[in-house]
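*Asks:* Need the 3D shape of this:
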Amino acid sequence: MGLRDTLRNLIRRRTPTPANDQVYNMGIQERRMPQHYAGKYLYQTAENSTVVRTCLVQLKTEIFRRGYEWIKAFDMKCNNCGYEHHKEVEGCSNCGSFDLRRPDLNQKMYAYEFFEGYINSSHQMFIDVLKELETDLNVLDDAYLILVKDYYLDKKGQVVMSKINELYRGDPTTMHIEVDEDGDRGHSRYTCITHRDYISEDKYDKCGVCGGGLHAIEFVNKSGKDEQNYIMGEVVHFSKYSPSRLYGHPPVLTLWNHIFTLTAMESYISTLYTKARTPRGILTVQTNNMESLVKYWKGVKEKLERDPHYIPIMGIETEGGSGGNVNWVSFTNTIKEMDYINVKDDLRTRISSFYGVSNVFTGDTTTGGGLNNEGMQILVTNRAVEQAQNVYNKYMFPFLMKEFGITDWKVQLLRSEEEDEMAVMRRREMELQLAVNMKNLGFDVDMNEDGDFVFKKFPAKELIDVDLEAGDGKKIETDPYAGTNIDRSQLGQLQEQALMTGNTKAQVAGETTMEKGPPKRFSGLPKEAGNNNVDSRTERRIP
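*Replies:* Take a look at the predicted model:
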């Protein structure tokens, strides 16, 4: 009995999957998350808050400011073992095979043209849908991208091929993850691709309408009375701040008290300066002649209506020599007394710091200056932008490429900060210098289609021992001038020139020697301190 038969007779066991207490299973153990019962209010709170909306707009602007690009997943790929090389090579470094290929350009043509135009019937661009997903992440920390596909089935109802036609954003307030009691997706209910309203709990069951096979349900959209069921490969779900097996935690819910306090403060200021329903205070006057005071104050009001700058002057008579008394009873404190500005700045800073948006991006330059503070604030925001871009580059885009059937190319967002042009030129200059040095070392220097230098080192030929003696016993004639600057073919011309000028052959060939002479300077110093290697032809004498 061989090894294969031995393995076949083994009993398979599996590690138990950890259960999750926050499982949401519709109709069985329904646990409503904040996204589902308060999602609409959280969106309204974020949209009506000046600080939150400013942060969200600045984040979306920086994340998608430069768009996206297509890059190669590898430079060379081995067809034998599938190893991917990220530089130009002649042979596979894993298996040694020379059967290599470059990325297939035709593989990305459909997806490239698809992303360049409208991606759905609502005439949305790809960047527009990405901005919607970014808003969902910053409000509810749950984003859903729905892929509308066309399926091609065989006679047995099995999927042979699929094609993506549209992309839509899924509403996090109505989208639900379909899991079983342990929190695993795709093990609870099953549906038919053609008839999505047919539901079964047996994965081996057949559709009651067409008799086709059933597929596991992973996501459900409970919008209104109807339920839309989505199978594997049709929806991608991801979170940014609190990624988990199920749902994230809404950031707006965490910042609820700060946002609500800021909204109340802005409403108070608006009411104070527009309606001013609550009087600032009451002026009380102690007098024995109330009718005279009322009559006087009525006349003052009439004069103030005609002239707002009128200053009333009032004198109060007292009886029995008792002094009068005027009191001011204040109902509200001033904005300065309430420390309104500092409290508002503190709340705004806490909200902005959560999203990673510095003050300079919200239009506040009071904290700028001093020890390059602006550069530090920009750096903090750039890191938040890079973190947000990694969510798309590492989670969503790979899922899209897999569903499009693309393996040789990748889509990624460009960094928000552009590279310095002078720095790029200096780097290119260093690459050129490196190429020259590699050329001098004996490497073959070439340039690929992307403008990068490719260095190749050909294997050295085997050294062949040469017998200096010929077959007839005579020694092979060698060139006595090998390794010098004298060309043997021009030896006669050099000799003739040497006779005419009186110079040696070495001087005619350019091999001049420096004339040495005794040191003429510092004659008062010891002999050891002198320079005995002086060229008298270029020595400057100091009188």
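*Asks:* what's the average pLDDT for the helix or strand where residue 350 lies?
*Replies:* Under the criterion of DSSP states H and E, residue 350 resides in helix 340-355. Averaged over helix 340-355, pLDDT sits at 86.
*Asks:* The very next helix or strand once past that helix - contacts with which helices or strands?
*Replies:* As assigned by DSSP H and E, the chain's next helix or strand after helix 340-355 is helix 373-391. The helices and strands touching helix 373-391, judged by 3 or more Cβ pairs under 8 Å, 6 or more residues apart in numbering; DSSP states H and E, are helix 50-63, helix 126-139. Just so you know, the C-beta spots here come from the backbone N, C-alpha and C atoms, and that holds for glycine as well.
*Asks:* Tell me which of these sits nearest to residue 349.
*Replies:* helix 50-63 (9.5 Å; Cβ to Cβ).
*Asks:* Paired strands for the next helix-or-strand element following the closest one, with orientation please.
*Replies:* Toward the C-terminal end, the helix or strand that comes next after helix 50-63 (DSSP H and E) is strand 68-72. Paired strands of strand 68-72, with direction, are strand 409-413 (antiparallel) (DSSP bridges).
*Asks:* neighbouring contacts of the strand it pairs with?
*Replies:* Applying Cβ atoms under 8 Å, 6 or more residues apart in numbering, the contact partners of strand 409-413 are 63-64, 66-73, 103, 107-108, 115, 389, 392-393, 397-398, 400-401.
*Asks:* From those residues, list just the buried residues.
*Replies:* Neighbour-count burial (16 or more other Cβ atoms under 10 Å) applied to those gives 63-64, 68, 72, 103, 107-108, 115, 389, 392-393, 397-398, 400-401.
*Asks:* out of those residues, who's nearest residue 148?
*Replies:* residue 400 (13.1 Å).
*Asks:* how much space between that closest one and residue 344?
*Replies:* For residue 400, the distance to residue 344 equals 42 Å [Cβ to Cβ, to the nearest Å].
*Asks:* residue ranges with poor pLDDT in the stretch 1-150 of the chain?
*Replies:* Confidence mapping of the stretch 1-150 of the chain against pLDDT under 70 gives the ranges 1-32.
*Asks:* for residue 389, what are its contacts?
*Replies:* Going by Cβ under 8 Å, 6+ apart, residue 389 touches 63, 412-413, 415-416.
*Asks:* which one of those residues is nearest residue 252?
*Replies:* Among these, and counting by Cβ to Cβ, the member closest to residue 252 is residue 63, at 18.4 Å.
*Asks:* May I ask you to confirm that the closest one is in contact with residue 417?
*Replies:* No. Using Cβ atoms under 8 Å, residue 63 makes no contact with residue 417, being 11.9 Å away.
*Asks:* just the contacts of residue 389: which has the poorest pLDDT?
*Replies:* Among the contacts of residue 389, residue 416 carries the weakest pLDDT, at 79.
*Asks:* so that residue, which of the three states?
*Replies:* Assigned with DSSP: H, G, I helix; E, B strand; the rest coil, residue 416 falls in the coil class.
*Asks:* give me the number of residues near the residue lying closest to it once chain neighbours are set aside?
*Replies:* Of all residues beyond its chain neighbours, the one nearest residue 416 is residue 62 (4.5 Å), with distances taken as Cβ to Cβ, 6 or more residues apart in numbering. Residue 62 sits with 22 neighbouring residues when counted by other Cβ atoms under 10 Å.
*Asks:* Quick one: residues contacting residue 62.
*Replies:* By Cβ under 8 Å, 6+ apart, residue 62 lies in contact with 361, 381-382, 385, 416.
*Asks:* hmm, 10 Å instead?
*Replies:* Counting by Cβ atoms under 10 Å, 6 or more residues apart in numbering, residue 62 touches 356-357, 361, 381-382, 384-386, 388-389, 415-417.
*Asks:* Report the separation between it and residue 134.
*Replies:* For residue 62, the distance to residue 134 equals 11 Å [Cβ to Cβ].
*Asks:* Could you tell me which residues touch both of those two?
*Replies:* By Cβ under 10 Å, 6+ apart, residue 62 and residue 134 have these common neighbours: residue 388.
*Asks:* Contacts only, for the residue nearest to residue 154 when sequence neighbours are not counted.
*Replies:* Sequence neighbours aside, residue 160 is the residue nearest to residue 154 in space, at 5.3 Å (criterion: Cβ to Cβ, 6+ apart). By Cβ under 10 Å, 6+ apart, the contact set of residue 160 is 151-154.
*Asks:* Neighbouring strands - and their directions - for the helix or strand hosting residue 160?
*Replies:* Using DSSP H and E, residue 160 sits in strand 159-170. Strand 159-170 sits in its sheet next to strand 143-153 (antiparallel), going by DSSP bridges.
*Asks:* Which positions within the strand it pairs with qualify as buried?
*Replies:* 143-147, 149, 153.
*Asks:* circling back: what does the pLDDT read for the residue nearest to residue 154?
*Replies:* With respect to pLDDT, residue 160 has a value of 86.
*Asks:* which one of the buried residues of strand 143-153 is nearest residue 336?
*Replies:* Taking the buried residues of strand 143-153 together and measuring to residue 336 by Cβ to Cβ, the closest member is residue 143, at 43.7 Å.
*Asks:* which residues of the stretch 201-350 of the chain score low on pLDDT?
*Replies:* Along the stretch 201-350 of the chain, segments meeting pLDDT under 70 span 275-287, 311-334, 337.
*Asks:* typo on my end, it should be the stretch 351-500 of the chain
*Replies:* Flagging of the stretch 351-500 of the chain using pLDDT under 70 yields the residue ranges 360-375, 419-421, 449-450, 458-500.
*Asks:* rerun at 90
*Replies:* Scanning the stretch 351-500 of the chain for pLDDT under 90 picks out the ranges 351-353, 355-387, 414-429, 431-433, 435-500.
*Asks:* ok, residue 133 touching residue 139?
*Replies:* No. Residue 133 is beyond contact range of residue 139, at 11.0 Å (criterion: Cβ atoms under 10 Å).
*Asks:* Now do the shared contacts for these two.
*Replies:* What both residue 133 and residue 139 touch, as defined by Cβ under 10 Å, 6+ apart, is the set residue 172.
*Asks:* circling back: distance of the residue nearest to residue 416 from residue 119?
*Replies:* For residue 62, the distance to residue 119 equals 23 Å [Cβ to Cβ].
*Asks:* Then residue 352?
*Replies:* Taking Cβ to Cβ, one finds residue 352 at 32 Å from residue 119.
*Asks:* what sits against residue 240?
*Replies:* By Cβ under 10 Å, 6+ apart, the neighbours of residue 240 are 133-134, 136-138, 141-143, 248, 251, 387-388, 390-392, 395.
*Asks:* What subset of those is buried?
*Replies:* Using 16+ other Cβ under 10 Å as the burial test, the contacts of residue 240 include 133-134, 136-138, 141-143, 248, 251, 388, 391-392, 395 as buried.
*Asks:* Which helix or strand contains residue 445?
*Replies:* In this structure, residue 445 sits in strand 444-447 according to DSSP H and E.
*Asks:* Please save the CA atoms from stretch 239-258 in PDB.
*Replies:* The C-alpha coordinates for stretch 239-258 follow below in PDB (Å, rounded to 0.1, in the frame of the first residue of the first chain):
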ATOM      1  CA  SER A 239     -13.900  48.600   7.000                       C
ATOM      2  CA  LYS A 240     -11.200  51.100   7.700                       C
ATOM      3  CA  TYR A 241     -11.300  52.000  11.400                       C
ATOM      4  CA  SER A 242     -12.600  48.800  13.100                       C
ATOM      5  CA  PRO A 243     -12.200  45.900  10.700                       C
ATOM      6  CA  SER A 244     -13.700  42.700  11.900                       C
ATOM      7  CA  ARG A 245     -15.400  39.500  10.700                       C
ATOM      8  CA  LEU A 246     -18.800  41.300  10.600                       C
ATOM      9  CA  TYR A 247     -19.400  45.000  10.900                       C
ATOM     10  CA  GLY A 248     -17.300  48.000  11.900                       C
ATOM     11  CA  HIS A 249     -18.100  50.600  14.500                       C
ATOM     12  CA  PRO A 250     -19.400  54.000  13.300                       C
ATOM     13  CA  PRO A 251     -16.900  56.800  13.900                       C
ATOM     14  CA  VAL A 252     -19.800  59.400  14.000                       C
ATOM     15  CA  LEU A 253     -21.300  57.400  16.900                       C
ATOM     16  CA  THR A 254     -18.000  57.700  18.800                       C
ATOM     17  CA  LEU A 255     -17.800  61.400  18.100                       C
ATOM     18  CA  TRP A 256     -21.500  61.900  18.800                       C
ATOM     19  CA  ASN A 257     -21.200  64.100  21.900                       C
ATOM     20  CA  HIS A 258     -18.600  66.300  20.400                       C
END
